[in-house]
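In: Whatever this is, show me its structure:
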Amino acid sequence: MLQALAAIVAAGIFLPHVLRLQRVPPTTAIVLWLNGLALRALAAVLAVIYVLYFLPRTALFVDLSHWCAHMPLHGHPLHAEGHAVAAAALYLPGVALVASLAHDSVRTAREVRAARRLVRQALGRGPRNSLILGGPEVMFAVAGLAHPHVVVSAGALTALDDHELTAGLDHEQAHIARRHRFVMLLALGCRALGRMIPGCDRSVRELTFHLERDADRWALRRHDDRLALASVICKAAGEPTLPRAMSRLGAIGLAERIDQLTDERPVTSAGPVRAALRALATVMVICTLTLGASVPAAAVAGAGGHPHRGHHIHHCDH
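Out: Numbering: from 1, shown residues only. Predicted coordinates for the structure are as follows:
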């Protein structure tokens, strides 16, 4: 049973890395990459629970804790220090997980504050109630979590024609309408928890790419002007460095997005392939939700065990 569960978790984590998702419907790709990050986070939390509560009850751990009975260093200061090190080792994974989460939370909070400071420097209101920032570069972005705003540079207003400006504003409004900011916030939280499992950074990059694709498609549904959208993405590729809390038009995947926009049929996966990927995404989400529901039960079961046996490093009596 545990082997089957581990296989499902591993599949959910690493399948997006081996599948070719660049041209599948972006919502399917988003679900698969986000699910992989969520599984990393859940696996890390369950690993910490196991180390804290269940590992000390295993026969192997008990045997190792009694191994000092056969060592000639009994009574030596290093003997007591060895016990302290063994006890501390049980808490290291949990400390590392909390430290990673705290580090990323502080970093995200700083980026949000930097975005707020930038928005407060707005010169005024622009098209569609957007905020205008100074600068000659072509720049479009979204700032804010609870009350997001589209941000556009003065350079974009002067350098773009009406079609390009409309396409850029549509793209940024897509991020707001599709609530991509909450998806990224969840992804960053999962990365902080699951950083011990390889591939987190790539997962976040790929997720960001597919969020941009999703915004591109939403913008085209508003105004089907592929060339205008491709043009403004190219012109915004050299936009200035912005806080990471701000979603940017030309931030990632420039070449592939342009190829898809200039292709009359950007989603090339066959119908059966799309259906299979949607089914896979559905199954993976169900598995993740089931695993997530087991975390509180596992924590309660672990904490409700035998605390003396579970947390005591046995000292030698010989």
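
In: Give me the pLDDT for Ala156.
Out: Looking at Ala156, its pLDDT stands at 92.

In: can you give me the strands in this structure?
Out: Along the chain, counting by DSSP state E, strands occupy 124-125, 131-133, 140-143, 149-153, 247-248.

In: chain center to the fourth one: distance?
Out: A distance of 24 Å separates the C-alpha centroid of strand 149-153 from that of its chain, computed with C-alpha atoms, centre = their mean, to the nearest Å.

In: neighbouring strands for it, and are they parallel or not?
Out: strand 131-133 (parallel), strand 140-143 (antiparallel) (DSSP bridges).

In: Pipe those strands into JSON lines and attach mean pLDDT, mean neighbour count and distance to Ser247 per row.
Out: (Glycine included, C-beta is placed from N, CA and C.) Converted to JSON lines, those look like this (pLDDT from 0 to 100; neighbours: other C-beta atoms under 10 Å; distance: least, C-beta to C-beta, whole Å):
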{"stretch": "strand 131-133", "mean pLDDT": "93", "mean neighbour count": "20", "distance to Ser247": "14"}
{"stretch": "strand 140-143", "mean pLDDT": "90", "mean neighbour count": "26", "distance to Ser247": "4"}
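
In: Phi first, then psi, for Arg244.
Out: phi -70, psi -20 (degrees, to the nearest 10).

In: For Arg110, find the nearest of the strands paired with strand 149-153.
Out: Closest approach to Arg110 among those (C-beta to C-beta): strand 140-143, 14.4 Å.

In: Flag every buried residue along stretch 241-252.
Out: 242-252 (16 or more other C-beta atoms under 10 Å).

In: Tell me the pLDDT of Glu111.
Out: Glu111 is given a pLDDT of 88.

In: Settle this for me: it is touching Ser247, isn't it.
Out: No - between Glu111 and Ser247 there is no contact under C-beta atoms under 8 Å: 11.8 Å.

In: coming back round to it: same list (the strands paired with strand 149-153) but as TSV, adding distance to Met284.
Out: Converted to TSV, those look like this (distance: least, C-beta to C-beta, whole Å):
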stretch	distance to Met284
strand 131-133	38
strand 140-143	28
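
In: Which of those strands sits closest to Val45?
Out: That would be strand 140-143 among those, by C-beta to C-beta, at 30.6 Å.

In: on that earlier part again, any chance of the strands of the chain in CSV with distance to Pro56 as columns?
Out: Listed next are the strands of the chain as CSV, based on distance: least, C-beta to C-beta, whole Å:
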stretch, distance to Pro56
strand 124-125, 61
strand 131-133, 55
strand 140-143, 48
strand 149-153, 52
strand 247-248, 45
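
In: Compare the ones you listed and report which one is nearest to Ala230.
Out: Among these, the nearest to Ala230 by C-beta to C-beta is strand 140-143 (14.0 Å).

In: Can you name the residues in contact with the closest one?
Out: Residues outside strand 140-143 that contact it (C-beta atoms under 8 Å, 6 or more residues apart in numbering): 115-116, 118-119, 131, 148-153, 156, 168-169, 171-172, 175-176, 181, 232, 236, 239, 242, 245-249.

In: which helix in this protein runs the most residues?
Out: Using DSSP state H to define each element, the chain has its longest helix at helix 77-120.

In: Next one: the spatially most central residue of the chain from Ala230, what distance?
Out: Geometric centre of the chain, nearest residue: Ala187, 2.4 Å, by C-alpha atoms, centre = their mean. In this view, Ala187 and Ala230 are 26 Å apart by C-beta to C-beta, to the nearest Å.

In: And for Ile13?
Out: Distance from Ile13 to Ala230, by C-beta to C-beta: 34 Å.

In: what about those two, which has more around it?
Out: Set Ile13 next to Ala230 and count neighbours by other C-beta atoms under 10 Å: Ile13 wins out with 23 against 20.

In: Thought Leu39 was touching the more buried one, still the case?
Out: Yes - here Ile13 reaches Leu39: they are 5.0 Å apart, a contact under C-beta under 8 Å.

In: Quick one, grab the pLDDT at Val48.
Out: In this model, Val48 carries a pLDDT of 88.

In: Could you list which residues are in contact with the residue nearest to the centre of the chain?
Out: 33-34, 37, 203-204, 207.
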